[in-house]
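Chemist: fold the following, please.
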Amino acid sequence: MTLPQATAEVDDTLHRQQQEEAHARIASATSILALGNVTSRILGLAREMVLTFFFGASVLVDAFQVATIVIRAVYDLLIGGHVNGAFVPVLSEIVTLQGKKELWRVVSILISLTFTTLAVLTLLIYLFAPQIVDVTAGGASTETRQIATNLLRFTSPALIFMGLFAVLSGTLYALKQFTFPAFAGAIFNGAIVLLTVVFTPRYQVSFVSPQTFLSTLDYLSPLHIVRPSDGIVVVAVGWLVGAFAQMAVQMIDLRKAKLRFTIHWKHPALNSILLLYAPVMLSLIMDTLIIRPFSYNLASQTGEGSIAYMNWATTLIQFPQGLVATAISIAILPTLASQAVLLDDTQRAFKETLGLGLRLTTTLIIPATLGLFVLGHPIIEMLFEHGAFTAKDTAITLDALNLYLIGLPFAAIDLLLVYAFYARKDTLTPTLIGIFSLLVYVITAILLLPHFGLFSLMIADSIKHIVHAVISAVILHRRVGGFSHQRLLPNAIKTLIAGIAMSIVALIITPFITQAIGSYGIIREAIIMGIIGAISGSVFVFVALVLGIEELRWLITLIRKRLHRA
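Modeler: The predicted model follows:
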């Protein structure tokens with residue numbers, strides 16, 4: 001063996017060791033983020049179950065959704081959205097090169113700036129709440145808009161808490177502390193569920209005369225179980241408390257941080273963050289100020305409860321999206337960012353890490369999508385069809401869910417591709433792709449509305465994700481010199497085959513298990529879903545291992561190692 005060959009072999013061995021270590025770190029971070037997302041999504045589903053049980057598909061729920069979406073829209077526009085792509089890399093660089101003292105200085109500036117800006121915006125939202133609601137849900141009834149206006153004014157201070165949470169959680173990510181940011185969503189949803197369950201029943205009024213409740217209240221079920229409009233305020237209180245709690249808990253890991261309010265806002269780090277975030281804000285402006293109001297306005301014109309149906313279906317979609325795509329993307333971003341600046345013309349490490357992320361995402365999101373499609377009806381029945389939520393509501397929500405599922409795999413893959421652009425310090429390209437895909441969404445929804453009504457929004461959303469993912473993949477493929485040797489297509493085909501086998505088994509066993517156990521009652525429904533999920537999931541794992549899906553085998557090995565260490 002010649003000296004160059006020996007050197008190349010040593011370099012290759014070192015590269016494999018570094019990649020294995022990097023992949024192990026990614027897996028560890030992903031597990032924490034995934035667990036946090038699972039907990040958050042479960043409590044998010046519980047939140048929606050509580051809403052549906054107490055209020056059904058009603059004016060009150062529509063008003064609550066309109067009010068809270070305004071707060072979320074402003075938050076996403078100014079500091080939420082893809083803030084990690086601009087925020088975390090800059091803070092990581094500061095703590096690595098200049099130490100924590102400088103980090104606390106920069107974070108103090110960010111906290112002060114965020115608090116001041118959002119406090120002013122909160123006041124403006126309070127003053128112009130009626131106009132904002134009219135723009136967001138102009139097609140809704142007068143009653144819906146009035147209730148939404150009051151709820152918007154009440155919940156507007158949550159914007160401040162959410163903004164401060166973003167700064168604090170971003171700081172913890174920069175310090176490679178994932179636990180409290182990962183479980184913030186669970187804290188937020190848990191507060192809503194707890195307060196709603198404890199206090200809303202006090203507003204129950206049963207068996208009143210039709211003349212009474214039709215003139216003064218919302219009729220929400222055949223049993224005459226009704227809630228006055230004040231009942232939804234309890235949910236709003238939970239929303240406000242949850243926003244504060246998720247912010248406050250971040251201070252546990254930052255209790256020794258030297259943070260203070262300051263009016264000196266000049267710092268080079270702010271310029272770096274702004275330069276990276278400015279392109280992202282362009283797409284967020286379209287999404288929050290145009291697309292979301294457009295979607296809610298269009299949905300409100302298709303009938304009462306349409307906004308609620310759209311949000312219930314979205315809640316189910318967000319469960320696998322958060323568990324798979326968000327967890328993997330956030331976990332992989334720091335590693336991709338460090339590999340993107342390596343002096344390696346072939347970008348070998350970057351492509352291998354990105355390839356791992358894409359294969360993991362595909363291996364997990366395809367069975368999740370097929371599972372939701374096959375078991376969507378019993379899942380919606382189990383989660384939502386209680387109290388004021390009827391079988392008709394289940395059918396409409398199911399149709400919306402199935403149409404959203406078309407775009408789910410593309411959305412999951414696309415998020416990872418977007419983070420790959422961010423790791424290369426390119427926020428402009430995904431922003432331009434995003435703007436184009438949003439235009440596709442608007443045009444498609446308008447053209448299909450006369451034919452499909454509410455469902456035109458779900459179809460347009462799936463087309464949007466497909467367009468964005470395909471364009472992102474093509475551009476990134478060219479810039480990194482291809483994804484050769486990453487086994488992306490074979491992995492996707494094998495996963496699809498295993499997913500189809502899983503779905504067939506689920507379809508076959510569902511009626512037998514349902515008949516044997518009986519589907520009446522949420523506990524029995526949960527048992528049925530658990531048994532079907534365990535059996536069909538085992539089929540997927542078996543077929544996937546037979547087909548040789550290495551990513552699944554790798555995940556199982558990592559889980560075994562972690563359990564052995566525990």
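Chemist: low pLDDT regions in the stretch 301-450 of the chain?
Modeler: Along the stretch 301-450 of the chain, segments meeting pLDDT under 70 span 338, 341-346, 387.
Chemist: run the last query once more with 50
Modeler: Flagging of the stretch 301-450 of the chain using pLDDT under 50 yields the residue ranges 343.
Chemist: got it, and the stretch 101-250 of the chain?
Modeler: 202-226, 228.
Chemist: which residues sit in contact with the residue lying closest to Tyr422 once chain neighbours are set aside?
Modeler: What sits nearest to Tyr422 in space, not counting adjacent residues and going by Cβ to Cβ, 6 or more residues apart in numbering, is Gly85, at 3.4 Å. C-beta: built from backbone N, CA, C; applies to glycine. Contact analysis of Gly85 by Cβ atoms under 8 Å, 6 or more residues apart in numbering lists Leu276, Tyr277, Val280, Leu333, Val418, Tyr419, Tyr422, Thr427.
Chemist: contacting residues for the second one?
Modeler: Going back to what we said before, that points to Tyr277. Contacts of Tyr277 by Cβ under 8 Å, 6+ apart are Val83, Gly85, Ala86, Phe87, Thr427.
Chemist: give me the pLDDT for the second one.
Modeler: The confidence metric pLDDT takes the value 71 at Gly85.
Chemist: confirm it sits in a helix?
Modeler: Yes - using DSSP: H, G, I helix; E, B strand; the rest coil, the assignment for Gly85 is a helix.
Chemist: how much space separates it from Ala278?
Modeler: Counting by Cβ to Cβ, to the nearest Å, the separation of Gly85 from Ala278 is 12 Å.
Chemist: what touches both of these two?
Modeler: Jointly contacting Gly85 and Ala278 under the rule Cβ under 8 Å, 6+ apart are Thr427.
Chemist: dump the residue contacts of the closest residue to Tyr419 other than its chain neighbours.
Modeler: Of all residues not flanking Tyr419 in the chain, Ser329 sits nearest, at 4.5 Å (Cβ to Cβ, 6+ apart). By Cβ under 8 Å, 6+ apart, the residues touching Ser329 are Gly357, Leu415, Leu416, Val418, Tyr419.
Chemist: got the CA coordinates for whichever strand or helix holds Ser329 in PDB?
Modeler: If you go by DSSP states H and E, Ser329 is part of helix 327-340. The C-alpha coordinates for helix 327-340 follow below in PDB (Å, rounded to 0.1, in the frame of the first residue of the first chain):
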ATOM      1  CA  ALA A 327     -37.800  16.900  15.300                       C
ATOM      2  CA  ILE A 328     -35.400  15.600  12.600                       C
ATOM      3  CA  SER A 329     -34.900  19.000  11.000                       C
ATOM      4  CA  ILE A 330     -34.100  20.900  14.200                       C
ATOM      5  CA  ALA A 331     -31.800  18.100  15.400                       C
ATOM      6  CA  ILE A 332     -29.900  18.000  12.100                       C
ATOM      7  CA  LEU A 333     -29.500  21.700  11.600                       C
ATOM      8  CA  PRO A 334     -26.400  22.300  13.800                       C
ATOM      9  CA  THR A 335     -24.600  19.400  12.200                       C
ATOM     10  CA  LEU A 336     -25.400  20.500   8.700                       C
ATOM     11  CA  ALA A 337     -24.400  24.100   9.400                       C
ATOM     12  CA  SER A 338     -21.000  23.000  10.700                       C
ATOM     13  CA  GLN A 339     -20.400  20.600   7.700                       C
ATOM     14  CA  ALA A 340     -21.500  23.300   5.200                       C
END
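Chemist: what about the residue lying closest to Ile406 once chain neighbours are set aside, how many residues close to it?
Modeler: Excluding its sequence neighbours, the residue lying closest to Ile406 (Cβ to Cβ, 6+ apart) is Ser462, at 4.0 Å. Look at Ser462: counted by other Cβ atoms under 10 Å, it has 19 neighbours.
Chemist: show me what the one helix or strand Ser462 maps to packs onto, helices and strands only.
Modeler: When secondary structure is defined by DSSP H and E, Ser462 falls within helix 455-479. Contacts defined by 3 or more Cβ pairs under 8 Å, 6 or more residues apart in numbering; DSSP states H and E place helix 455-479 against helix 292-300, helix 306-320, helix 391-405, helix 408-423, helix 428-452.
Chemist: run the last query once more with 7 Å
Modeler: If contacts are counted by 3 or more Cβ pairs under 7 Å, 6 or more residues apart in numbering; DSSP states H and E, helix 455-479 sits against helix 292-300, helix 391-405, helix 408-423, helix 428-452.
Chemist: what residues does the first one touch?
Modeler: Contact partners of helix 292-300, identified using Cβ atoms under 7 Å, 6 or more residues apart in numbering, comprise 66, 69, 73, 135-140, 306-307, 310, 442, 445, 449, 454, 457.
Chemist: give me the buried subset of these.
Modeler: Buried by 16 or more other Cβ atoms under 10 Å: 66, 69, 73, 136-137, 139-140, 306-307, 310, 442, 445, 449, 454, 457, out of the contacts of helix 292-300.
Chemist: now for those: which two are most distant?
Modeler: Using Cβ to Cβ, the pair of the buried ones among the contacts of helix 292-300 lying farthest apart is Ala73 and Leu449, separated by 21.8 Å.
Chemist: relative to helix 408-423, how tilted is the strand or helix carrying Gly499?
Modeler: Assessed by DSSP H and E, Gly499 sits inside helix 488-517. Going by axes from the mean of the first three to the mean of the last three Cα atoms, to 10 degrees, helix 488-517 is angled at 140 degrees with respect to helix 408-423.
Chemist: give the buried residues for helix 488-517.
Modeler: Using 16+ other Cβ under 10 Å as the test for burial, helix 488-517 gives 488, 491-492, 494-495, 497-499, 501-503, 505-506, 509-510, 513-514.
Chemist: quick one: the helix holding Ser462 to helix 292-300, angle?
Modeler: Helix 455-479 and helix 292-300 are oriented at 150 degrees to each other (the same axes, to 10 degrees).
Chemist: any idea which of the buried ones among the contacts of helix 292-300 is closest to Lys256?
Modeler: Once Cβ to Cβ is applied, the member of these that ends up nearest Lys256 is Ala73, at 34.9 Å.
Chemist: the closest one in helix, strand or coil?
Modeler: Three-state call for Ala73 (three-state DSSP): helix.
Chemist: how about residues contacting stretch 131-150?
Modeler: Residues from elsewhere that reach stretch 131-150 (Cβ under 7 Å, 6+ apart): 59-60, 62-63, 66-67, 69-70, 125, 129-130, 152, 229, 293, 296-297, 300-301.
Chemist: burial count for Gln286?
Modeler: Quick fix: residue 286 reads Met, not Gln. Using other Cβ under 10 Å: Met286 sits among 20 other residues.
Chemist: for the residue lying closest to it once chain neighbours are set aside, which residues are in contact?
Modeler: Using Cβ to Cβ, 6+ apart and skipping residues adjacent in sequence, the residue nearest Met286 is Leu438, 5.2 Å away. Taking Cβ under 7 Å, 6+ apart, we find Leu438 in contact with Met286, Asp287, Ile291, Lys464.
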